[in-house]
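Chemist: Next one to model:
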Amino acid sequence: MSPPGALAGAAAPAHEAALGKVALALAHARTSGECAPLIAAMVGLRPLLPSLPSPFAPVLDGIEQRLQSSAMFGEESCSFSLHDLYDSLDTWIERARMRLREAPA
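Modeler: Numbers count the residues shown, from 1 in each chain. The predicted structure follows:
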């Protein structure tokens, strides 16, 4: 049996690595204001989507699209705040971690 909090199966380290990479990019974006590295890191989340419930994909797509808009046009010309987007992505990461830990091997 896996220790509490550990992801089951051989894919677990890959899932955690992808989530961890985006979490680090998110922390960097919060401090630097640079979205491009975060958007690039989010590509690594795509392989996780088949292992997650279907609502995760459109939520991730929405966050990514708004981040891209913000990067192209500047936050002041968008109808949403970067802070809120960062919070949404942080919530997505935590919920994905939780679901992947619950997933059967």
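Chemist: Any regions of this protein where pLDDT drops low?
Modeler: Applying pLDDT under 70 to the chain picks out residues 1-11, 73-80, 104-105.
Chemist: which SS state does the residue most central in space within it fall under?
Modeler: The residue lying closest to the centre of the chain (C-alpha atoms, centre = their mean) is I93, at 4.6 Å. At I93, secondary structure determined by DSSP: H, G, I helix; E, B strand; the rest coil is helix.
Chemist: for it, what are its contacts?
Modeler: L19, V22, A23, L26 (C-beta atoms under 8 Å, 6 or more residues apart in numbering). C-beta coordinates here come from the backbone N, C-alpha and C atoms, glycine included.
Chemist: which ones are touching the last one?
Modeler: When contacts are counted by C-beta under 8 Å, 6+ apart, L26 touches L38, Y86, L89, D90, I93.
Chemist: thinking again about what came up before, scan the contacts of I93 and report the most crowded one.
Modeler: Sorting those by how many neighbours each has (other C-beta atoms under 10 Å) puts V22 first, at 24 neighbours.
Chemist: just to revisit the earlier point, can you tell me which of the contacts of L26 is closest to L45?
Modeler: Distance ranking of these against L45, using C-beta to C-beta, places I93 first at 8.4 Å.
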